[in-house]
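Undergrad: got a sequence here, can you build the structure:
(one chain, ligands or ions: 1)
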Amino acid sequence: MTMLTGILSVCVLCLVWLTLKGWRRARSSEHKLPPAMDGELPIIGHMHIVIYYVTNIYKFMKTLSDECAQKGGVMYGKFGSELYYFITDPQDSLIAASACLNRNYAYNLAKVWLGNNSLVLSGGETWKNRRKLLNPAFSLPVIHGFLDVFNSQAKKLINEFKPYVGKGPFDHSVYFLKTSSETLCVGTFGINPREAAEFTEKYEKALFDLIRLLIKKFLRFWLQNRLIYKLFGLKKKEDELVHTLHSMSEKVLQEKLHDRKNKVLKTQTNGTGYRPFLDLILDLSENGALTDREIREETDTIIFTGIESTSNQLTYILLLLGAHPDVQNKLYEEVLDIVGAERDVVKDDLNKLVYTNAVIMESLRVLPTVPLILRSVGQDVKLKNYTMRAGSHCLIFPLMPNVKSTSGTESDQFRPERWLNADSKTQQEFAGFGLGKRACLGRTYAIVMMKVVLAHFIRQYRVQADMSQLQLSADFAMKPVSGHEISIERRT
Ligand code: HEM
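TA: Here you go, the predicted model:
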């Protein structure tokens with residue numbers, strides 16, 4: 001009872017303090033606010049709505065983005081003290097993402113694992129320098145080097161689907177997660193693909209447990225109080241998970257450092273010519289640009305950002321293809337025409353797979369695996385009709401169909417054709433990989449990998465899906481929870 005009273009008192013005090021802080025901040029700016037999100041209450045603002053949706057973040061995001069679009073593409077919400085701008089308007093999204101380069105404080109929770117200065121969490125000059133340093137590791141020629149790994153992993157995946165041919169619906173998402181995790185662990189750490197399954201399984205489990213814990217800590221704001229977090233035994237759990245993740249990547253890093261020091265040259269993986277991201281980062285920081293700890297944090301960042309995004313998107317693409325046989329046929333014809341019936345995807349195929357590229361873009365427009373972009377507004381930022389106040393936050397939704405139809409069809413339809421002749425403005429406003437300078441670092445990796453997997457899949461199988469029962473959830477990524485099964489038939 002005493003403990004409960006203590007916890008409640010801390011919550012009430014936090015709320016009062018946050019609200020007073022917010023009042024002061026709200027009064028400090030004269031800029032006109034956009035329409036308010038529905039349900040604002042005195043003092044707490046829209047806090048009660050967050051509490052209502054705490055167990056269904058996807059529904060929260062969808063409701064918010066629909067409401068925002070109806071209100072003209074920009075609206076505001078107040079959560080205790082904090083002022084948030086919600087944006088679905090494509091032009092305003094681009095302006096906001098380009099002007100606000102610092103992440104929102106919510107990301108600070110991940111610092112226990114990824115450190116203060118890692119690319120994904122840092123801001124200002126630190127972020128700028130990190131991004132400049134890491135960009136070359138993700139360039140097109142580097143990613144071309146991964147093609148053999150992508151092809152062999154895709155073939156392995158296609159074989160794993162064999163038992164499901166003609167057997168009715170099955171959950172394909174687990175196979176995509178396994179493939180994309182293994183591929184990323186091989187590609188990042190350079191571990192042998194034969195050992196990758198075991199490594200990935202352990203890493204992935206600790207990673208997802210940690211993400212779940214951090215999201216819980218963010219949404220149940222009382223858990224952000226150190227004492228309460230400790231009392232519930234969650235700090236201990238967090239420390240254990242972080243330790244598991246750190247020790248796994250640290251072990252690989254130390255082996256690499258040892259080999260480099262002793263000039264041991266190992267043949268990478270199964271004879272393919274790629275250089276793992278970890279080696280590339282070690283090369284790039286040869287002059288001491290990064291400490292060993294920072295190198296480890298950047299490799300962890302790559303895994304964190306890349307592991308689920310690509311697998312979720314592939315899961316959505318197969319669902320969309322299964323529900324749109326006309327699109328599936330066109331994709332098949334293109335792959336057959338460019339890559340042929342047997343061989344692996346090679347460098348020269350990539351640019352020619354234009355319809356495949358359009359399918360990927362359109363899937364990201366309709367079902368984007370990264371459901372929101374959350375930034376701090378450091379200084380006043382002028383949008384088309386409003387000015388966002390310094391000290392507030394903005395939330396951009398790629399979740400909303402973010403590009404108006406360019407071919408006269410409804411914007412919520414899955415129509416890859418709209419990307420075939422999209423002008424540069426439409427391409428620039430495409431938010432599936434983020435917007436502006438801080439957009440996705442792994443975009444080329446993800447697109448090339450997805451093209452390779454799709455090419456291998458579509459040559460072997462015809463897919464069917466019913467999307468009417470699809471249920472989604474969200475944390476850092478938007479993920480399917482039910483109704484996403486597909487059926488496959490072998491092409492003759
Ligand atoms: C379909 C796959 C993917 C999608 C849809 C996607 C989407 C995104 C989006 C929307 C952002 C911007 C987030 C923000 O501004 O808050 C982002 C950032 C990032 N992504 Fe991806 N991503 C994908 C795959 C990958 C992969 C495979 C990697 C690594 C191999 C990766 C690495 C990163 C990194 C490091 C950032 C942070 C960039 C920075 O802060 O400068 N992503 N991604």
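
Undergrad: hey, where'd the strands end up in this structure?
TA: 74-79, 82-87, 373-376, 381-382, 387-388, 393-396, 461-465, 471-474, 478-482, 486-490 (DSSP state E).

Undergrad: next, the distance between the ends of stretch 433-450.
TA: With C-alpha to C-alpha, to the nearest Å as the measure, stretch 433-450 spans 14 Å from end to end.

Undergrad: and it, what's buried?
TA: 433-436, 438, 440-442, 444-450 (16 or more other C-beta atoms under 10 Å). From N, CA and C alone the C-beta is placed, and that goes for glycine too.

Undergrad: repeat for stretch 311-327
TA: Buried residues in stretch 311-327 (16+ other C-beta under 10 Å): 311-324, 327.

Undergrad: same question, stretch 97-105
TA: Buried, per 16+ other C-beta under 10 Å, within stretch 97-105: 97, 99-101, 103-104.

Undergrad: what does that stretch rub up against?
TA: Stretch 97-105 has contacts (C-beta atoms under 8 Å, 6 or more residues apart in numbering) with 120-121, 123-124, 127, 373-379, 381, 388, 393-394, 396, 431, 434-439.

Undergrad: can that stretch be found next to the ligand?
TA: No: contact between stretch 97-105 and the ligand is absent, the nearest approach being 6.5 Å (criterion: C-beta under 6 Å from any ligand atom).

Undergrad: on that earlier part again, out of the strands of the chain, nearest to the ligand?
TA: strand 373-376 (4.1 Å; C-beta to the nearest ligand atom).

Undergrad: the closest one and the ligand, any residue contact?
TA: Yes: for strand 373-376 and the ligand, the contact criterion (C-beta under 6 Å from any ligand atom) is met by Ile373.

Undergrad: circling back: could the strands of the chain go into a markdown table alongside mean pLDDT and mean neighbour count?
TA: Shown next, in a markdown table, are those (pLDDT from 0 to 100; neighbours: other C-beta atoms under 10 Å):
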| stretch | mean pLDDT | mean neighbour count |
| --- | --- | --- |
| strand 74-79 | 94 | 22 |
| strand 82-87 | 94 | 24 |
| strand 373-376 | 93 | 20 |
| strand 381-382 | 97 | 17 |
| strand 387-388 | 97 | 23 |
| strand 393-396 | 94 | 24 |
| strand 461-465 | 97 | 20 |
| strand 471-474 | 86 | 18 |
| strand 478-482 | 89 | 17 |
| strand 486-490 | 97 | 18 |
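
Undergrad: compare the ones you listed and give me the one nearest Thr356.
TA: When the strands of the chain are compared by C-beta to C-beta, strand 461-465 sits nearest Thr356, at 14.7 Å.

Undergrad: any idea how far the closest one is from the chain center?
TA: Remark: strand 461-465 is offset 26 Å from the chain centroid, using C-alpha atoms, centre = their mean, to the nearest Å.

Undergrad: that one pairs with which strands?
TA: strand 486-490 (antiparallel) (DSSP bridges).

Undergrad: so where's the stretch 1-150 of the chain shaky on pLDDT?
TA: 1-29 (pLDDT under 70).

Undergrad: where does it come near the ligand, residue by residue?
TA: 119-120, 131.

Undergrad: my guess is Leu364 contacts Gly434, does it?
TA: No: using C-beta atoms under 8 Å, Leu364 is not in contact with Gly434; the gap is 10.7 Å.

Undergrad: what do the two both touch?
TA: In contact with both Leu364 and Gly434: Pro398, using C-beta under 8 Å, 6+ apart.

Undergrad: separation between Glu308 and the ligand?
TA: Going from Glu308 to the ligand by C-beta to the nearest ligand atom, to the nearest Å gives 9 Å.

Undergrad: same deal with Asp349?
TA: 19 Å.

Undergrad: which residues touch that residue?
TA: By C-beta under 8 Å, 6+ apart, the residues touching Asp349 are 338-339, 455.

Undergrad: try Leu33
TA: Contacts of Leu33 (C-beta under 8 Å, 6+ apart): 76, 386.

Undergrad: between the buried residues of stretch 97-105, which is nearest Gly187?
TA: Once C-beta to C-beta is applied, the member of these that ends up nearest Gly187 is Arg103, at 25.0 Å.

Undergrad: show me the beta-bridge partners of the closest one.
TA: Going by DSSP bridges, Arg103 forms beta bridges with Arg375.

Undergrad: ok, the residue in the stretch 1-150 of the chain positioned nearest to the ligand - how many residues close by?
TA: Nearest residue of the stretch 1-150 of the chain to the ligand: Val120, at 4.5 Å (C-beta to the nearest ligand atom). By other C-beta atoms under 10 Å, 19 other residues sit near Val120.

Undergrad: do I have it right that it meets Asn108?
TA: No: if you go by C-beta under 8 Å, Val120 and Asn108 don't touch, sitting 11.7 Å apart.

Undergrad: what's the closest non-adjacent residue to Asn104?
TA: Leu374 (4.2 Å; C-beta to C-beta, 6 or more residues apart in numbering).

Undergrad: I'd guessed the one you found sits against Pro398; true?
TA: No: applying C-beta under 8 Å as the test, Leu374 and Pro398 come out as separate, 11.7 Å apart.
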